[in-house]
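Student: Need a 3D model of the sequence below.
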Amino acid sequence: MLSIGIPKLEGRLDERFATVLGRVERYTREMNRALLEGAYAFATQIHDGQFRKSGDPYIIHPLEVAYILAELEMDEATIAAALMHDTIEDGMLQREHGEITAVTRDDIAQRFGGEVATLVEGVTKLGAIHFHNREVRQAENLRKMLLATARDVRVILIKLADRFHNMRTLKFLNPDDQQRIADETLRIFAPIAHRLGVWKIKWELEDLSLRVLLPDIYREIQTKVNRTRTEREEVVSTAITQLKERLAGIGLDGEVVGRPKHFYSIYNKMKSQGVDFNQILDLEAIRVVVPTVQACYAALGEVHNLWLPLPNMFTDYIAKPKPNMYQSIHTKVVGPHGQPLEVQIRTFGMHRTAEVGIAAHWHYKEGGTRDVEFEKKLAWIRGLLDLQAEAKSEVDWLESLKVDLYKDQVFVFTPAGDIIDLPAGATAVDFAYRIHTDLGARCAGAKVNGRLVPLNYQFTNGDVVEIIVRANQKPSLDWLNFTVSHQARTKIKAYFRKADREENILRGKQALEEECRRQAIHAAEVLKPDKLLAIATKMNLPSIEELYALIGWGELSADGVLHRIREDLPKKSLDELRTTSTALIQGQLPIQVPNSGIDGVLFKLSKCCMPIPGDGIVGYVTRGKGVTIHRVDCPNLRNVYDSPEERQRLMTIEWEETGEGIYQTEIEIVTLDRLGLMADIGAILSETKTNIREAKMVSDTKKRIANIVLTLDTSGARNLQEILARIHVLNDVLQVHRRRAGTL
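Tutor: Now for the predicted structure:
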């Protein structure tokens, strides 16, 4: 084994490491100094000669990550792993015989033990594996991290600290990388910190993300907060003085401090309530920290005696803790000078949990046995992993996960008194699937607080929920109209993908053949079994039938699959497969030309107005190019209608009654810009088996308005109307309509 001594570095690196050691000594009775010094020495050697984008030696980053975890009072194994968390991914090690190779888990295990090596490995990305796009890589890295976290929560705490420091130094990256990392942080890592109760990290991750994603809004809030700080601090100072006197009067010893709202919290309130900064009156809160639970309620009595409590503004998270272990009493009162004031009351132990969440509670019993109650706190992580097997792809799992993590939560109880956290807007079906898949599938009704409610009843905090089951009950597609949790929706979709498999296979086969006709390609030649099997294999699908089934369900687009097949064909072969214009006759589109008697004429759908079955249509005879089919209200026909000569080139055409096929059309959505919007729209399109060919989005950050244009594959006007109606009722959608034709 290569011997590594303690590095002799001058200046701030050794000083910072000494600061880390000092911080650990404050909360550890017998600190394992040798372990931490060895980890620092190893990391320093491995990262020697490496620099960050800021120009700093790379070892600065592991040192800062270690210090953040020391502030959370984590154990020495975690601190050591933090110091070495990038060594497996980025490091090279010189062996005794002179060979230089990558650092491995075994290298760390031999020097520092299996526990530390497992933590380092859990944080390490999948850098050596090739993925065909960034989204798949991101999903797989997250899956690996959650899998390691399910075994040991310290993995996610190291990762949060790693992301925390990277966000603090984000300014040294290029703007595109800043935007990507900030978006990922806001949509994944900040919500995970929230779920784990690590508020100390959560709030800063959100504020740092806001500064990158919406810099104008961030600066506006910052300026206004600074401008009103003196007045607010005067109100809070007066309130603290008054409350301290009242508590001292009853002999209650505790701390009373002010707590300003974070910028992202202010932004969220402005956005969710549709108000501007001047309408937000509770920018400050007071926190009361006392020794015992009994003292919490005594302090609450004094707060309500001192100031008038506001109705419906009281929550007792001591009696009913949140699943992330947060406990506190929240009340809002009319404080000094008539200003609304929030007061939080908790014990010193609760305050530590509120700051560092699960980091305050993780531990192992003697003999290595895990704490069963503690393990329950991590059940949601295992649930996220279980759902990946049901998802259609890694990217789909990741997008659904982002929506599920980001949503606000509602806390309800089982009849036995266990608390269950669900996304806001959750219903009995969401609750049932959260408990068990079989309970969800057989859910026939529910009682909330002893009263029968419909399945689409949306829970409120504190509801006691009892599920009514029926042996012959099966999932219903209608449930997708009101379920909101990733778990329930994934399980329901998986059930119907399996139940409707034969129908989806037939629908997918027809869609591929229709796409061939649309692109004027001989289907019999292109859709040969060997070509389809080759594409299925490339997509990690077991059979051609599975390929057809996913197209039929709407998970894959016929156009995308055909494009993959065509990519594998030589250009000469592709040209030979194209049909001649005389082969594309009217019968291959679901149209009829009354009393025409024509044959061998090319009919094609206009690209400017994109007619679909159900639209009034008319044919326009073009010179040498057959007949183009337009909607009767197409703006590009106005000059034709106005000219007697041009009108002679119009032909009466009607859709056949069946109107079967896949047709392109465009819709336009005007909406308030918010996170999760595209995921909500995508869910509707997936449920209606609608493929997105193209998506364009333009966002006005100042007005917080987004304009989205989608090119869709639809089966006709009825299908399109259903899509428009369902998108129209989404939260924050202002307008949705079919797009008018462009110019020729």
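Student: how about the strands of the stretch 301-450 of the chain, start to end?
Tutor: Ranges of strands within the stretch 301-450 of the chain are 308-316, 329-334, 340-347, 409-413, 419-423, 443-448, based on DSSP state E, counting those that start in this stretch.
Student: Flag every buried residue along the longest helix seen in the chain.
Tutor: For the chain, the helix that runs over the most residues, judged by DSSP state H, is helix 215-249. Across helix 215-249, burial judged by 16 or more other CB atoms under 10 Å covers 217-218, 220-221, 224-225, 232, 235-236, 239-240, 243, 246-247. All C-beta spots, glycine's among them, are computed from the backbone N, C-alpha and C.
Student: pLDDT-wise, what's the bottom of those residues?
Tutor: When the buried residues of helix 215-249 are compared by pLDDT, Arg232 scores lowest at 74.
Student: For the closest residue to it other than its chain neighbours, give me its contacts.
Tutor: With CB to CB, 6 or more residues apart in numbering as the criterion, Arg232 has its nearest non-adjacent residue at 5.2 Å, and that residue is Glu284. Residues near Glu284 by CB atoms under 8 Å, 6 or more residues apart in numbering: 232-233, 235-236, 258-261, 341-342.
Student: Look up how far Tyr495 lies from Glu284.
Tutor: 50 Å (CB to CB, to the nearest Å).
Student: Same check on Glu15?
Tutor: Applying CB to CB to Glu15 and Tyr495 gives a distance of 60 Å.
Student: who's more crowded, the two?
Tutor: The neighbour comparison of Glu15 against Tyr495 (other CB atoms under 10 Å) goes to Tyr495, with 19 against 11.
Student: any idea how far the helix or strand hosting the more buried one is from the chain center?
Tutor: Here Tyr495 sits within helix 486-499, counting by DSSP states H and E. Here helix 486-499 is found 19 Å from its chain centre; the criterion is CA atoms, centre = their mean, to the nearest Å.
Student: List the buried residues in that helix.
Tutor: Going by neighbour count (16+ other CB under 10 Å), the buried part of helix 486-499 is 486-497.
Student: and the next element down the chain from the helix or strand where Asp530 lies?
Tutor: If you go by DSSP H and E, Asp530 is part of helix 529-538. Proceeding N to C from helix 529-538, the next assigned helix or strand is helix 544-553, under DSSP H and E.
Student: got the angle for that following helix vs helix 529-538?
Tutor: 70 degrees (axes from the mean of the first three to the mean of the last three CA atoms, to 10 degrees).
Student: what inclination does the longest helix of the chain have with respect to strand 340-347?
Tutor: Interaxial angle, helix 215-249 versus strand 340-347 (the same axes, to 10 degrees): 60 degrees.
Student: Summarise which helices and strands helix 215-249 is packed against.
Tutor: Applying 3 or more CB pairs under 8 Å, 6 or more residues apart in numbering; DSSP states H and E, we find helix 215-249 packed against helix 199-213, strand 255-260, helix 263-273, strand 284-290, helix 293-306, strand 340-347.
Student: in the stretch 501-650 of the chain, which spans are strands?
Tutor: 591-592, 603-605, 617-622, 626-631, 650-652.
Student: Next, report how far the shortest one is displaced from the centre of its chain.
Tutor: It stands for strand 591-592. 45 Å.
Student: name the helices or strands packed onto that strand?
Tutor: strand 654-655.
Student: Mind giving me the packing neighbours of the strand it packs on?
Tutor: Using 3+ CB pairs under 8 Å, 6+ apart: strand 654-655 touches strand 591-592.
Student: just checking, Pro336 touches Gln242?
Tutor: Yes. Counting by CB atoms under 8 Å, Pro336 touches Gln242, with 7.0 Å between them.
Student: What segments of the stretch 1-150 of the chain are strands?
Tutor: Under DSSP E, counting those that start in this stretch, the stretch 1-150 of the chain gives strands at 92-94, 100-102.
Student: Out of those strands, which gets the lowest mean score?
Tutor: Mean pLDDT, when computed for each of the strands of the stretch 1-150 of the chain, is lowest for strand 92-94, at a mean of 64.
Student: What count of nearby residues applies to Val621?
Tutor: 13.
Student: got a list of what it touches?
Tutor: Here Val621 is in contact with 627, 649-651 (CB under 8 Å, 6+ apart).
Student: repeat for Arg246
Tutor: 302, 305-306.
Student: Could you dump those into JSON lines with distance to Asp253 added?
Tutor: Listed next are the contacts of Arg246 as JSON lines, based on distance: CB to CB, whole Å:
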{"residue": "Glu302", "distance to Asp253": "13"}
{"residue": "Asn305", "distance to Asp253": "19"}
{"residue": "Leu306", "distance to Asp253": "18"}
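Student: PyMOL command to pick out the buried ones of those?
Tutor: Per 16+ other CB under 10 Å, the buried members of these correspond to this PyMOL selection:
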select buried, resi 302+306
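Student: Reformat the contacts of Arg246 into TSV and put distance to Asn719 and pLDDT next to each item.
Tutor: Putting the contacts of Arg246 into TSV (distance: CB to CB, whole Å; pLDDT from 0 to 100) gives the following:
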residue	distance to Asn719	pLDDT
Glu302	63	91
Asn305	63	90
Leu306	62	91
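Student: From the contacts of Arg246, pick the one nearest Gly417.
Tutor: Lowest distance from Gly417 to the contacts of Arg246 (CB to CB) belongs to Glu302, with 30.4 Å.
Student: Need the per-residue pLDDT for the nearest residue to Ala683 once chain neighbours are set aside.
Tutor: Leaving aside its chain neighbours, Ala683 sits nearest to Arg489 (7.2 Å; criterion: CB to CB, 6+ apart). Listed pLDDT for Arg489 reads 84.
Student: looking at it, Val561 is touching Tyr548, isn't it?
Tutor: No. Contact criterion CB under 8 Å: Val561 and Tyr548 do not qualify, at 9.4 Å.
Student: State the distance from Gly251 to Ala299.
Tutor: 12 Å.
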